[in-house]
Structure formats: structure tokens, C-alpha cells
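Student: Give me the fold of what follows.
(chains A and B)
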2 protein chains.
Amino acid sequence: MKGVKELGERKIIDIILSQLEPMPIMPIPFGDDASAIDIGSGKLAVIKTDMLVGKTDVPPKMILWQAARKAVVMNISDLAAKGVKPIALLASVGIPRGLRKQDIEQIGEGLNKGAREYDAYILGGDTNEASDLVISCAALGIGEKRRLMLRSGAKPGDIVAVTGPFGKTAAGLKILLQNLSTPLGIRKKFMDSVLMPRARLNEGLTLAQTGAVTASIDSSDGLAWSLHEISRASQVGFLIDGFPIAEEAKQLAKMYKLDPVELCLYGGEEYELVVTVKPRLWRRVRDKVSLIKIGRVTREKRLVLKLGKKAGPIESRGWEHFKTSLSKS
Amino acid sequence: MKGVKELGERKIIDIILSQLEPMPIMPIPFGDDASAIDIGSGKLAVIKTDMLVGKTDVPPKMILWQAARKAVVMNISDLAAKGVKPIALLASVGIPRGLRKQDIEQIGEGLNKGAREYDAYILGGDTNEASDLVISCAALGIGEKRRLMLRSGAKPGDIVAVTGPFGKTAAGLKILLQNLSTPLGIRKKFMDSVLMPRARLNEGLTLAQTGAVTASIDSSDGLAWSLHEISRASQVGFLIDGFPIAEEAKQLAKMYKLDPVELCLYGGEEYELVVTVKPRLWRRVRDKVSLIKIGRVTREKRLVLKLGKKAGPIESRGWEHFKTSLSKS
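Tutor: Next up is the predicted model:
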């Protein structure tokens, strides 16, 4: 019988989902970034829960309020990817015995900061004793049914785009875990990317209003993984010929002979949105949201990365709990 | 600087709440059983999150699917206390490394069972690696603003009532933790109470419809604690002269010379509703919901238990994480 390490997070989620009776009307299917119920008048109540665990989600140097803030941002990012504005969040906090009053204050402060940055509020929650720091947030927003962006609508010919470049977080984690030295100027950018992730909420809300987006996902498990998720949900493939690596990540890769493809595609813990856009509306969308075009949706269900004259498959892997680790080992 | 054990759960919650900027319009105030946002047309989206942690919330003999079911029921109970029907839940599951495929299946099964018993559905969630089993559920329901039952509306003269007798869970935990022998017939009732807690959802929904309930809370932290919470929120006191102990708990107390007051008032992990009712509507309410009258709301902010001719204070204590333990020590 397989243990959880062999199964990995995706398989575990599949096993749990296989036990669940689906709700007769599900505006967002199982396995998408968020869930929803129909509340009438064309509106949906959209909810999301995502859990931050100290051991696996809090990198070295991240202090408590940053961890609490990240727990909020992770959830807001998922609503952003669906084009839904978060209004309120709850936080269940599992607290290890060693923490003190000032640590708890930091947790409260970080939760509040994370929510207020996106004009949302923390309404309440629950605390428990736990062996490890655990912050599980639930986010709630009200969305318009016809504006909802799912993972499943990508069509061959659609343009694939992202809201920003990739690789800074993966590079930042490497710097932290392996204690690499870097020029001060770019170091700060890497650290910000790791310690102060930002959800692309304005972008998500604006993109939803354009009506031009056919599929959307956030990239918290990495760009490659996000593309594979859209591929699975939409039954399409991708030809990625624009390689969206961040300038700073490119520099670090050069400096330490790291694989830029690895940093850009397979890192995870980044919060850009990955979207597919109707080609005829591309210019209109570009006028409203700053997007980087990275390729096209293809009919053939293969995911191909083309770098200059070389082409190769994009692997179905990324950040995965139980399999990926934030520790040095 | 105080550690979390000295602070206790209530103080920790207060510290976190002190860091939060309140939402300008909060239909349910901080610290009540659930939280809500106004969605117009007299409706509220009501949410709740409550976290189950293996070490502190899963008693011996409770198997995994029961633990997962309990994590759902805990949340449903809070919505029931507000008079709101849960529609959908999410579950964030922290999984220790030692679990295997069949364990994960059990977790999924328990989540589904817990939700379906109350006609709700699990819509999704998140899994993580964690040192201890952690199941954090978020429940969502749509409620009518004018029917909402808060903790804060009790008035002097109101009747205090509960939806069932108390003490079976505390007795059951004692039996499990100290391995006490009990007649088989009543043992099963104790075990059911501990392993298969039930939320009083029908009662809560019916009570809300009567418009007769002035305050309501669930009793997951114990009867005494629940009364103190209503007392604090409503600025009233209580004279409790009907002692709602379960027959089986009484028997066990006699058999092992246990304090029946302790079992009935200070046990916790029970899910009865504790409500205050307008006296002129009492009979109408009683016709619709089976309630046990236990006393009256008083103007003076004291909580008094009257047993025959003896009267004494009801202490402000109950089940509390960090301070109360499910282990034998």
C-alpha cells in the first residue's frame, strides 16, 4: 500500500475527490482554483481554502507576519484567477506550543495586512494547538456567473499569456536554501518575490471584465504545472515560444550555471496568472492589462517549449507537496 | 513573555482579533459562532471555519473517517446555531507522512458523509503535508438577515433552553481515557456521543424561523462556557435551575463517584444548541422544537446554578485548546 510520499499531492487530491458526491449544480467543477454556489440573479458565491504549513510552505528568513500574510495572499490569488474579488476571509490557525504573545500578534498583523492590501477583511477564524504552524484561510467573494474564468475554456488558436515574468521565486529560494551570494540590487527583488508574494487581483478582475479570456489559472505550482492543468481541463495543447523568464533569474542562472528553463517553468510559489485569450480580442485586452504573450493553444494535446530552433516537451511537474521540499535536503 | 499554554485559546483569539481592522458593515460581529457578508435583498453569505487537529481533537478509538466527519460536523453546528443552512464546504487537509492510500480514502469518505448527513456538499479543498492530522473545514450557507440568531440578543426574563441533555460526551471521554468499564447498553450511547457527534441543524433552522430566539450558540466548548459567552455578548446573567444532565451521565457519575456538575457543565465537545427565548413565544417554540428549559435570563450579570436548595456560581471555563487536553496526563 502506497504512503503519501509516493502518492504525492495530486494523487491524494484525486483520492479524496473520488469519495465525494458532486453537488448537482456546480458552477465551478472539482479541481479548479476555487469553488462556487449559485446564489441567483446571475451571481455566485465563490470560496477557496488553502492551507499554509510551516514545514513545507514557509521558507527560511520568512518571519511570522510574512507567513500569515502569504497564507492570505495564496487564497486571494486563486480568486483573482477566477476573476472574483475577495470580500472576506477566515483564518484557522494551528499554533505550536513554543510561540509567545508577540508571535501571535505578528500572525494577526500579517493576516490583516494580507487582506487589506486587496481591500478585503479578515472576519474571524479559529485557533488550535498544533505540532507545526498551520494557517488555513478561507476566502469568499461574490462573482458574476458570466464573467467567471475557468480552467476549461481554452480553444486551439487562443493566445497564451502571463501577467509577469517567472523564475524569481525559484531563484530566490535557491539563494536562501543554498546561501548563494548575489549582487545586492537583484537580491532584494528575489527576496521580495519569496517573502512578499503578490496576487494579481487587479489583473484578474480586469481580465474577467474583458470577456476575452477563455481559461485562467494562477501559477502557484509553477508555470509548467499551470499549463498542464489548463491542458487537462480544456483538452488542448500548447506551443510555448515566448520564454517568460525574469531578467534577474536569467542573470542568476548565468552566474551559477543554473538551468533557466528549470527556474522559469518548474519553480512554483509564484502568483502570476496564466491565461488564454481569444485572438481577435488580444489587442483590446493588452490595452487594459500588461500581459506577456508566451505562445498559442494547439489542438494536439502536447505541450511544447520552443527556444530558438530547439523544441522539447514541457513536463508535467512543479511544486508538489509531499514530493517537493523547502528544506535543504 | 507568556507562551501559548499560559495564554490559552480565548486570549490567543483576542490577541489576533485586536490586530484586525473590522469590516465597516459586519452583520455578525467578531467572536460569534460564524461570520457573514451582506449580499443584498436581505440575504447574507454566512461562513465559518473550524480546524480539527489530531492531537487535541481526535479522542482515542476515533477512526479516520469519524475524525473527518467530525471536522465537518463542527462547522455545520456553528451555522446551525446561527439558524443558517450550510450548502457547501471546503476542506484543507494536513496529512502526516505515515498515512496510506486507504487512510486518505477514509478521510474523503468521512468528509462526504458529514456533509451529506446535513444535505450539504464538499466542493473542494487543499491537501498539505503536516506533522499532525489537520482538517480545517470552511462552511458556507445563505441566510436571511432578519432570521439570524446571534449571541447578543438575550434579554432579562427570557427563557434559557437547550436542545438536549449534557454530560454524555464528557463521560464518554472519561471512559475512553481512563478505560472505565460500563454496562454495554449505556456504553454505546457514550461512544456515539464522542465518536459520532451530531449537529442540531434542523433544530437551529426551525428555531430561527420562529423569530422567538433572542440569542443562540452551540455548546462545543461546554454548557458553562456557552452561557458565559451569551452573558458577555448580551450583557446579562443567568439563573439556571433546571440541571440538564443526561440520564446515562448521571448513572456513570454515581457508579464512579464523579461530579455530575462537572460532567454536565464543563465538558465540552457537545453540539447541543443553547438558546434564549422570548417568554410569550415559549409555548409556540416548544411545539416546534424539542427543548429542555433550564432557567431564566437575569438583569444582574451573574451566572448562578441552583440545585435544589443549594446555589452557586457557574464558572467561566470549559473546553479550551492549549489548556484542556485529550490525553491521559
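Student: number of nearby residues for A:Asp158?
Tutor: 26 (other Cβ atoms under 10 Å in any protein chain shown). In this view, the C-beta of every residue, glycine as well, is placed from N, C-alpha and C.
Student: List the residues that contact the residue in the stretch 51-200 of chain A positioned nearest to chain B.
Tutor: With Cβ to the nearest Cβ as the measure, A:Gly108 is the residue of the stretch 51-200 of chain A nearest to chain B, at 2.9 Å. Listed by Cβ atoms under 8 Å, 6 or more residues apart in numbering or on different chains, the contact partners of A:Gly108 are A:68, B:15-20.
Student: go with 10 Å
Tutor: A:64-65, A:68, A:91, A:93, A:122, A:125, B:12-20 (Cβ atoms under 10 Å, 6 or more residues apart in numbering or on different chains).
Student: and what of A:Gly308?
Tutor: Counting by Cβ under 10 Å, 6+ apart, A:Gly308 touches A:241, A:243.
Student: State the helix or strand in which the residue nearest to A:Ala91 when sequence neighbours are not counted lies.
Tutor: What sits nearest to A:Ala91 in space, not counting adjacent residues and going by Cβ to Cβ, 6 or more residues apart in numbering or on different chains, is A:Gly125, at 3.9 Å. For A:Gly125, the element it lies in under DSSP states H and E is strand A:121-129.
Student: Kindly report the same for A:Gly143.
Tutor: Here A:Gly143 is assigned to strand A:134-144, by DSSP H and E.
Student: leaving aside the residues next to it on the chain, what's closest to A:Lys189?
Tutor: A:Glu248 (5.2 Å).
Student: what's the distance between the residue most central in space within chain A and B:Gly124?
Tutor: Most central in chain A under Cα atoms, centre = their mean is A:Ser220, positioned 2.5 Å from the mean C-alpha point. Here A:Ser220 is placed at a distance of 15 Å from B:Gly124 (Cβ to Cβ, to the nearest Å).
Student: from what I can see A:Ala139 touches B:Ser92, true?
Tutor: No - taking contacts as Cβ atoms under 10 Å, A:Ala139 lies outside contact range of B:Ser92: 11.9 Å.
Student: could you give the angle of the strand holding A:Gly125 to strand B:134-144?
Tutor: Per axes from the mean of the first three to the mean of the last three Cα atoms, to 10 degrees, the angle that strand A:121-129 makes with strand B:134-144 is 140 degrees.
Student: on that earlier part again, okay, and the common contacts of A:Ala139 and B:Ser92?
Tutor: With Cβ under 10 Å, 6+ apart as the test, A:Ala139 and B:Ser92 both reach A:49-50, B:138.
Student: May I ask which of those residues has the most neighbours?
Tutor: Ranking the shared contacts of A:Ala139 and B:Ser92 using other Cβ under 10 Å puts B:Ala138 first, with 30 neighbours.
Student: how far away is it from B:Val236?
Tutor: 31 Å.
Student: And for A:Ala115?
Tutor: Distance, A:Ala115 to B:Val236, by Cβ to Cβ: 33 Å.
Student: can you map out the helices along the stretch 1-150 of chain A?
Tutor: A:4-18, A:54-57, A:64-82, A:101-117 (DSSP state H, counting those that start in this stretch).
Student: can you put these in a markdown table and add mean pLDDT?
Tutor: As requested, the helices of the stretch 1-150 of chain A are exported to a markdown table (pLDDT from 0 to 100):
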| stretch | mean pLDDT |
| --- | --- |
| helix A:4-18 | 90 |
| helix A:54-57 | 90 |
| helix A:64-82 | 98 |
| helix A:101-117 | 97 |
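Student: Just confirm the residue nearest to A:Lys189 is within a strand.
Tutor: No - with DSSP: H, G, I helix; E, B strand; the rest coil as the criterion, A:Glu248 is assigned helix and is not in a strand.
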